[in-house]
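A.B. asks: Requesting a structural model of the entry that follows:
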Amino acid sequence: MEKTCTFCKRRFVANVRLCSQQYCSRPECQRARKRKWQREKLVRDSEYRDNQAAAQRDWCDRNKGYWKEYRRRNPAYTERNRRQQRERNRRKRASSEIAKRDALIVEIGVISVGCTLEVEGP
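C.D. replies: Residues are numbered from 1 along each chain as shown. Now for the predicted structure:
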């Protein structure tokens, strides 16, 4: 049976034993399938997430100085990362300022009204 690959959108012949096959056998499509599986697994399985974090810590302990050396050898990566971090910091500050202002308004009892009502009276 022919299907369309979820990743590359090419047509492929699905394995008859895999009724829910969504990805073709191309290496880049299989990498995409694995990345998707890992992202979903990290979200829903706390034990898997803890094991992955422990493995990352162990790797960092065994490879001290790796990232410092990597940044030294890849200045373009370093500069791009700095620009992206500045942007993330800017967005975070902007959103926290909004939250702080909202909290302050509630705290001191000031209420902003978008429109006023006119009451006709005697």
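A.B. asks: buried set for stretch 13-23?
C.D. replies: Neighbour counts over stretch 13-23 (16 or more other Cβ atoms under 10 Å) mark 14, 21, 23 as buried. No exception for glycine: its C-beta is placed from N, CA and C like everyone else's.
A.B. asks: can you pull out the strands in the chain?
C.D. replies: For the chain, the strands defined by DSSP state E cover 2-4, 11-13.
A.B. asks: quick one: strands adjacent to the first one?
C.D. replies: The reference is to strand 2-4. The strands that strand 2-4 pairs with in its sheet are strand 11-13 (antiparallel) (by DSSP bridges).
A.B. asks: Just the residues contacting the partner strand, thanks.
C.D. replies: When contacts are taken as Cβ atoms under 8 Å, 6 or more residues apart in numbering, the neighbours of strand 11-13 outside the stretch itself are 1-5, 24-25.
A.B. asks: next one: that strand to chain centre, how far?
C.D. replies: Here strand 11-13 is found 31 Å from its chain centre; the criterion is Cα atoms, centre = their mean, to the nearest Å.
A.B. asks: Likewise for stretch 80-97?
C.D. replies: On Cα atoms, centre = their mean, the centre of stretch 80-97 falls 15 Å from that of its chain.
A.B. asks: Need the residue closest to the centroid of this protein.
C.D. replies: Centre of the chain computed as the mean C-alpha position; nearest residue by Cα atoms, centre = their mean is Arg39, 9.5 Å away.
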